[in-house]
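Sequence first, predicted model second:
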Number of protein chains: 2
Amino acid sequence: MDTPHLLIDDARMRRNIEKMAAIAERNGVALRPHVKTHKIPRIARRQVEAGAAGITVAKVSEAEVMADAGLEDIFIAYPLVTDPKIRRAVDLGQKLQKLIVGVDSLEGARRLSAAAGNQVMEVRLEVDTGLRRTGVAYDEAVDLAREIDAFDNLNLSGIYTYRGAVLGGSPTLDREKAGLEEGGLMVTLADRMREGGVGIRDISLGSTPTAEYAAAVEGVTEVRPGTYVFYDRMQARLGACSLEECAATVVCTVVSRPREDLAIIDGGSKTFATDVPPGTAPLNLEGFGHVVGYPGATLERLTEEHGMLAVTAEHDLEVGDTLRIIPNHVCSTVNLHDAVYLVGESGAVEEVRVAARGKVR
Amino acid sequence: MDTPHLLIDDARMRRNIEKMAAIAERNGVALRPHVKTHKIPRIARRQVEAGAAGITVAKVSEAEVMADAGLEDIFIAYPLVTDPKIRRAVDLGQKLQKLIVGVDSLEGARRLSAAAGNQVMEVRLEVDTGLRRTGVAYDEAVDLAREIDAFDNLNLSGIYTYRGAVLGGSPTLDREKAGLEEGGLMVTLADRMREGGVGIRDISLGSTPTAEYAAAVEGVTEVRPGTYVFYDRMQARLGACSLEECAATVVCTVVSRPREDLAIIDGGSKTFATDVPPGTAPLNLEGFGHVVGYPGATLERLTEEHGMLAVTAEHDLEVGDTLRIIPNHVCSTVNLHDAVYLVGESGAVEEVRVAARGKVR
């Protein structure tokens, strides 16, 4: 198997899938994993077989790939705005057992309602609980829920948020506090909506780092972690897993060893994601990945096809040596690869296409 | 045309191709554009039709895609080390009019020679002139050139380097000084090799920011810019182009406008490359792209599928509005897209597959 390639340890992945399923079961909440991490229908099916109620996607195109592969219960956790996406979602709603669509503005709700015609679309209202991205402002959510609830062909069944390990607007290492606060905010909000006459059933939240805490909050009905399927260096730093639980590594070759303090590998920014850059607080990760077996080596710089590994004279790295590197952020790293390579306990390797890779629309 | 998508202004691209071809012609050097920027055979052919002597790639798989599309003169400017890549390169050498392979170590040369058998492979020695990635150390280059020259089935025809806008080991805005120094270093080195009995014909260097200066150095024979075909915000900041010459923009939709100071677009780190992050010296770019027509708006944060645009109450952005954004780094941005959309002067749009996207091996 030539390098670079993205290797998935099948046994580790299975354990990760089971671990999160057990967390959800123990807390009596539904698990709806975000499949943007792996983008592979076969892995989504495994998550469902292990107990997930359905799956989450960000794009209609991801939903289409998963629906084609037989996934029947899909939540597009993204506000749909453009006509082509809304039309495709309406079509998909007719095919699937269950489709839920995110909405976070009156304009989005209007467009969805207009396209749905006689079909009733199940929607959830996205709420911003502190990440400052999509989601209606927390204080305006009750009013907007009431307005969306008034559309005859939109069935507002729940509210959802995504915040990750964020507290008071800033990233935090305190996953427990973040998860509990996130859960509390959403349960309180749902209660206010119910008092205002809007029947909210589902309260969906949680990320890989916060899921186990958010799931324990009374009233929460669903968690949507994604990264846990593989975990990554960022999650290990957050304490959500150990490095030994990370199932995905990028396998690279040393192509040059021009100096005592420098080894060059055949993976750069087209192989490793750069969206969780070194030094970002509060993670403060050194370099672009963890070099397995060489803890003192730092993947210091990346250009497109080169990785610059700061090493010492003591590192016995030579041209042709193979290295395995746990990426900082596995979700965006997977999206750079056409295929992953599943390695089983026997050592047999199987190529699996990342079927929803690059599905930007 | 739904969003997000990567739009290429055909007329601008043509002018960029002609501009660099004229620079090379004026200076009497060969132009061998690096096609990693666009990864599209049709655009590579246009570059050749406009006067390029051949093309440059980083990966054997890129070379294979280009060869399949009829490109006949290819330089793999990357040290090949693994057996599968070397075997594929040897096969390719039998099919193409001309194939040149990079080498930067004795071990790499040995492996290539062993695989080549009776076939003579044309190679160029990569030299590090200050970027500190692949390339033999400058002071060791003459000795290594002599050793490589001794292989009967390797024809060492030239030396090459890639440094970009770097001076004294650090990034610089002084493209002229960087290009002249790079050229001077390589010409001096080639002279030393010739004095040492190694017949060096080709001296190949230069990047989009330095090509026009490096090409003017007496003795330089070839430049290998890549980004110029589209240009990008980084190149504009370096002074290599104006923003008006940038041919590639990411077209996005505002999907949420939750606050006066925040608009969310449907492109994140799976749509925009993050390998030239905001604030990196000496570019110090604000945000992840230039928002065309909204100079005061900053694409401040990206998550995977969301772009957070810092705006003011005065920005008349509403849910559903379309924006065009010049990416910081177009090469790694193109690699995130399965297709680009070429728009001609008539306004007609054509989808063109990025055939060598994701070719990591």
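Structure's in. What do you need? Since the structure is predicted, the reported quantities are computational estimates derived from the model, not experimental observations. Residues are numbered from 1 along each chain as shown, chains lettered A, B, ... in the order given.

neighbours of residue A:244, just the number please.
Other residues lying near residue A:244 total 9 when counted by other C-beta atoms under 10 Å in any protein chain shown. The way it works is simple: take the backbone N, C-alpha and C, and place the C-beta from them, glycine included.

Residues of the stretch 151-300 of chain A that sit close to chain B?
If contact is defined as C-beta under 8 Å from any C-beta of the partner chain, the residues of the stretch 151-300 of chain A in contact with chain B are A:253-259, A:262, A:264, A:266-267, A:269-271, A:273-275, A:277.

From those, list just the buried residues.
Buried residues within these, defined by neighbour count using 16 or more other C-beta atoms under 10 Å in any protein chain shown: A:253-258, A:262, A:264, A:266-267, A:269-271, A:273-275, A:277.

Tell me which helix or strand comes right after the helix ranked longest in chain A.
The helix spanning the most residues in chain A, taking DSSP state H as the definition, is helix A:175-195. Remark: after helix A:175-195, the chain's next helix or strand is strand A:202-205, criterion DSSP states H and E.

CA atoms only: put that next one into CSV for me.
In CSV, the C-alpha atoms belonging to strand A:202-205 read as follows (Å, rounded to 0.1, in the frame of the first residue of the first chain):
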residue,chain,number,x,y,z
ASP,A,202,-37.0,16.8,20.5
ILE,A,203,-34.1,18.6,22.2
SER,A,204,-31.0,17.7,20.2
LEU,A,205,-27.5,18.8,21.0
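
Now the following helix or strand past that strand: buried residues?
Of the helices and strands lying after strand A:202-205 in sequence (DSSP H and E), the nearest is helix A:211-214. Buried residues in helix A:211-214, counted by 16+ other C-beta under 10 Å: A:211-214.

Need phi/psi at residue A:121.
Residue A:121 has phi and psi values of phi -100, psi 130 when expressed as degrees, to the nearest 10.

Cross-check the contact I'm expecting between it and residue A:157.
No. In this structure, residue A:121 sits apart from residue A:157 without contact. The criterion is C-beta atoms under 8 Å, and the distance is 10.3 Å.

More neighbours: the two, which one.
For residue A:121 versus residue A:157, neighbours defined as other C-beta under 10 Å are more numerous around residue A:121 (24 against 15).

could you list every residue that touches the more buried one?
Neighbouring residues of residue A:121 by C-beta atoms under 8 Å, 6 or more residues apart in numbering or on different chains: A:89-90, A:93, A:99, A:101, A:112-113, A:153-155.

quick one: which two of those residues are the most distant?
Within those, A:99 and A:113 form the most distant pair, 15.1 Å apart (C-beta to C-beta).

Please identify which of these two sits among more neighbours.
For residue A:99 versus residue A:113, neighbours defined as other C-beta under 10 Å are more numerous around residue A:99 (23 against 20).

List phi and psi for that one.
Dihedral angles of residue A:99 (phi, psi; degrees, to the nearest 10) stand at phi -130, psi 130.

how near is the closest residue in space to it that isn't next to it in sequence to residue B:19?
Take residue A:99 and drop its neighbours on the chain: the residue closest to it by C-beta to C-beta, 6 or more residues apart in numbering or on different chains is residue A:93, 4.4 Å away. Using C-beta to C-beta, to the nearest Å, one obtains 50 Å as the distance from residue A:93 to residue B:19.
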